[in-house]
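Chemist: Okay, predicted coordinates and the sequence, questions at the end:
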Amino acid sequence: MIDLRLLRDDPETVRLSQRARGESESVVDDLLRADEQRRSAVGRFEALRAEQKQLGKRMPRAEAEEKAELLRRTKELSAEVKAAEAAVTEADATLRRAQYAIPNVVEEGTPPGGEDDYVVLREVGAKPEIENPRDHLELGEGLRAIDVERGAKTSGSRFYYLTGVGALLQLGLLQLAIAQAVEYGFVPTITPALVKPESMEGTGFLGSHASEVYRLEADDLFLVGTSEVPLAAYHSGEILDLAEPARYAGWSSCFRREAGSYGRDTRGIMRVHQFDKVEMFSYCRPEEAHAEHLRLLGWEEEMLAKVEVPYRVIDVAAGDLGTSAARKYDCEAWVPSQGRYREVTSTSNCTTFQGRRLNVRYRDEQGRPQVAATLNGTLATTRWLVPILENHQQPDGSVRVPKALQPYLGGRDVLEPN
RNA sequence: GGAGACUUCGCCUAGUCUGGUCUAUGGCGCCGCACUGCUAAUGCGGUUGGGGUCUUAAAGCCCCUCCCGGGUUCGAAUCCCGGAGUCUCCGCCA
C-alpha cells in the first residue's frame, strides 16, 4: 500500500503514476476522502473516550450523590463511545480498501504505457547460427530429459516430468544459482510453498493476479507462485537492522494457474503450472533501493553469462508492472526455435509498498522505526532449460553443457540423445 | 484426532483467583549523564509500538496497544465466549 503522507503532501505524484500505468485517477481522490473521514472519526472517538476515562477515574472516590450523577453520565458516554468506535472501525476498513485499490507509485524514468511499450536497455551475447533449430521439447525428449506426455497423464496439461539429465540439469542450474547467491552474501533459504491469506495479500498477489493463484479452500492456504511471497512475509511485523541490506535467496517450487493463457506456450515447459526457482530477495533502506535494484539486475546477468545464453534487458513499462512494483527490469533469453527473446528473469523494486503492508521496518539514525523497502529478482528457474537446451544444441540433437554446469552433470560437456 | 498448560512494552518476569490506586513490577540488554587517571565497578536518568492534534520542526497534550476478535460492565491485562500460536502427554502415520 502507498504512503498516506505522500498522498496528502503530493497527490499529484500519485495521479501521474496512475496515468502512466493507464489506470484510474479517481481512486486517488477516493483515498484522500477516506483518509479525511477516518481522521475525523478518530478525533470524535478520542474526545469521547478521554471524557469517559476522566469520569471513570473519579468513580471509586465518589460519594453516593456524586456517584449517581457520574453513573448517569458515564452510562450515556458508554453508548456514545461504542458508536464512535464502530464508526472508526468502519472508516478504517474503507480506508484500507481505498488504499489497496492503488498500486505502487512508479519510479521516475519508467517508460509509460502497456505491455508492448518496454524499452530495450541492451542486448548481450551473440545469437548462435543454427539451421532449422529443434525446439527445447524435441531436444529434451531426444535426451530423455523432459516428459510432458506422462506429465499430462498424471496431472494434466502444463505438467511435466524432468528425468535423467533433465533432472540433473535443473538441479545443477538451481545449485549454481544458490552458490552464486551465497558468494554474494545471500542467506540461502528453503521456504514454505503454502502460505496464509495475509502473506499472499501482503505481497500484493491477491490484487490483479488473484486468478493466477492456487487456493486450498479446505485449509484456507495458498500455493505460492514465487518464493518472493514467503520471503517477504518472513520478516513481517519485525524491526530489522538494515545497516546493510538483508539478502535472502529462496529455493522453492512455484505454482501458477495460468488462467487466461489458454493456447499460449502450450508446447514443452515454457509455461507450466509448477516449476522450481531460486529467487533473490532484499530488504533495505528506501534510499538504498534504487542501487540495490541495479545490483540484483547485475547478479541476474551474471547467472545468464554462466549458462552462456544470449539475452537482452528490458525496462518494463508502467502498465505492465504489477501491483507492488515501482520499477521492473526483465532479462529475456534468446530462444532460437521461436526466433525471439523470452522472459527468464524479472527484478522488481517494490520500494516500501510491501513493507508497509507486511509491517517490515528498520530503525533510522534517530532510532525511529521506518518502513523498509523490498526488492526481488530471479536467479534461475525451470524455464531456463529452454534457452539452455536450444542455444547449445548441435545438428545431431546433442546439447553442449555450459562450463559452469558441467560439474553438476558428472563432468560431461555434451549430452547425447539416446 | 483427544487432553491439558501457556501467550504481558527487545529478552526474562510480577500482576489475572478478589475489575478502578496498572499512568503495567522487577531484572537483563541498550542509550545518555556523573564519577573513578584506562574499554571495569558504581550511581542517576531514559528505553513498546501505532495513531490523532498542534507545529517550519521539536516538545507538549490526547487516544489506542497486556496474542487476535467479540461480549459483560459506568469501568477489563484481570471476568465470559470464539479464534490463532507455542509447549507437554496420548493416539495415528510418512
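Modeler: Great, that's in hand.
Chemist: Correct me if wrong: residue A:354 contacts residue A:203.
Modeler: Yes: counting by CB atoms under 8 Å, residue A:203 is a contact partner of residue A:354 at 5.9 Å. To be clear about C-beta, it is placed using only N, CA and C from the backbone, and glycine gets the same treatment.
Chemist: List the contacts of the closest residue to residue A:388 other than its chain neighbours.
Modeler: In this structure, residue A:388 finds its nearest non-sequential neighbour in residue A:307, 5.4 Å apart by CB to CB, 6 or more residues apart in numbering. Contact analysis of residue A:307 by CB atoms under 8 Å, 6 or more residues apart in numbering lists A:173, A:176, A:384, A:387-388, A:402, A:404-405.
Chemist: Residue A:307 and RNA strand B: what is the separation?
Modeler: 35 Å (CB to the nearest atom of the strand, to the nearest Å).
Chemist: pLDDT value on that residue, please?
Modeler: We have a pLDDT of 98 for residue A:307.
Chemist: Next, it: phi, psi?
Modeler: Dihedral angles of residue A:307 (phi, psi; degrees, to the nearest 10) stand at phi -90, psi 0.
Chemist: Kindly report the same for residue A:91.
Modeler: Dihedral angles for residue A:91 - degrees, to the nearest 10 - are phi -60, psi -40.
Chemist: Can you name the residues of the stretch 1-150 of chain A that neighbour RNA strand B?
Modeler: Contact residues, the stretch 1-150 of chain A versus RNA strand B (CB under 7 Å from any atom of the strand): A:4, A:39, A:42-43, A:45-47, A:49-50, A:52-57, A:59-60, A:71, A:74-75, A:77-78, A:81, A:89.
Chemist: Enumerate every residue touching the most centrally placed residue in chain A.
Modeler: Residue closest to the average C-alpha location in chain A (CA atoms, centre = their mean): residue A:228, at 5.1 Å. When contacts are counted by CB under 8 Å, 6+ apart, residue A:228 touches A:203, A:250, A:279, A:281, A:376.
Chemist: And the contacts of residue A:307, which is closest to residue A:30?
Modeler: residue A:384 (42.2 Å; CB to CB).
Chemist: Need the three-state assignment for the closest one.
Modeler: Put simply, residue A:384 is helix when judged by DSSP: H, G, I helix; E, B strand; the rest coil.
Chemist: cool, residue A:59 as well?
Modeler: On the three-state scheme (three-state DSSP), residue A:59 is labelled helix.
Chemist: Excluding chain neighbours, what is closest to it?
Modeler: Nearest in space to residue A:59, with sequence neighbours left out and distances taken as CB to CB, 6+ apart, is residue A:70 at 5.9 Å.
Chemist: Spell out, range by range, the helices that occur in chain A.
Modeler: A:4-9, A:11-21, A:26-58, A:64-100, A:136-142, A:148-155, A:165-183, A:197-203, A:228-234, A:289-306, A:353-358, A:385-391 (DSSP state H).
Chemist: any chance of those helices in TSV, plus distance to residue A:411?
Modeler: Listed next are the helices of chain A as TSV, based on distance: least, CB to CB, whole Å:
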stretch	distance to residue A:411
helix A:4-9	55
helix A:11-21	49
helix A:26-58	58
helix A:64-100	52
helix A:136-142	21
helix A:148-155	29
helix A:165-183	11
helix A:197-203	40
helix A:228-234	33
helix A:289-306	17
helix A:353-358	42
helix A:385-391	17
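Chemist: Indicate which one of those helices is closest to residue A:318.
Modeler: Minimum separation from residue A:318 across the helices of chain A (CB to CB) falls at helix A:11-21, 3.9 Å.
Chemist: list the contacts for residue A:233?
Modeler: Contact analysis of residue A:233 by CB under 8 Å, 6+ apart lists A:195, A:198-199, A:202-203, A:358.
Chemist: So which of those wins on neighbours?
Modeler: Neighbour counts for the contacts of residue A:233 peak at residue A:203, which has 30 neighbours (criterion: other CB atoms under 10 Å).
Chemist: could you give the mean pLDDT of stretch A:32-43?
Modeler: Stretch A:32-43 shows a mean pLDDT of 92.
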